[in-house]
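**Q** quick check, what structure comes out for this input:
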Amino acid sequence: MSSTTIRFFFKSSRQVYNGTLPLRANTGTIALTKAFVIDVASARVNGATVSDIGTFLHQGFFYDAAKQTLYVPLTKANRSIVLVYRAITPARTATATADQNLSFRITSSTYSKFEIEGVGLSGGRLYFNTNRANSSGAHDGVHVFKSLHRLIVHTVEFVPIG
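**A** Numbers count the residues shown, from 1 in each chain. Presented below is the predicted three-dimensional model:
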């Protein structure tokens with residue numbers, strides 16, 4: 001952000017754009033320019049490629065500007081994957097490849113519907129919001145993993161407590 005402009009990333013499927021908007025605009029047009037494409041097909045999750053990753057739906061994404069890291073959740077049939085891309089800056093134009101050691105999967109057998117809609121980081125914790133349901137109804141929520149380091153090593157099975 002500058003004294004006159006807000007700068008941000010905008011993503012449509014695999015294409016990421018740089019966006020700008022006048023700081024005090026209450027109407028108008030968002031200016032977008034192509035920045036880079038994220039490589040999803042060759043992403044490794046828990047050490048292996050995901051054969052049907054191209055059929056996962058793209059969800060919201062989170063950009064950590066201080067660490068120049070982009071977190072991209074994808075979901076399909078109660079499986080959610082979070083791909084992590086490093087060295088992401090507004091100046092980037094080359095295709096971004098997911099970090100082979102940091103992308104991970106979160107699943108749930110407790111719910112007939114389980115989707116991670118978005119993620120965020122704060123204080124070393126990974127927060128994620130879910131769209132989930134089972135025979136007793138909708139159980140959407142916001143959740144947190146206290147240690148991102150422990151999460152990355154294995155697939156996580158999300159089961160509610162209480």
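**Q** find the nearest non-adjacent residue to Lys11, please.
**A** Phe61 (5.5 Å; Cβ to Cβ, 6 or more residues apart in numbering). Yep, even glycine has a C-beta here, placed from its N, CA and C like the rest.
**Q** count of neighbours near the one you found?
**A** For Phe61, the neighbour count with other Cβ atoms under 10 Å is 21.
**Q** from Asn18, how far out is Arg127?
**A** Careful, residue 127 is Tyr; it's not Arg. For Tyr127, the distance to Asn18 equals 25 Å [Cβ to Cβ, to the nearest Å].
**Q** so those two - more neighbours on which side?
**A** Asn18 (18 against 15).
**Q** Phe62 - nearest residue in space that isn't next to it in sequence?
**A** Closest to Phe62 by Cβ to Cβ, 6+ apart is Tyr71, at 4.4 Å.
**Q** how about the helices in this protein?
**A** Ranges of helices in the chain, per DSSP state H, are 148-153.
**Q** can you pull up the most central residue in it?
**A** For the chain, the residue sitting closest to the mean C-alpha position, by Cα atoms, centre = their mean, is Val72 at 2.4 Å.
**Q** not counting sequence-adjacent ones, nearest residue to Leu74?
**A** Using Cβ to Cβ, 6+ apart, the nearest residue to Leu74 is Phe56, at 3.8 Å.
**Q** all good on my end, thank you.
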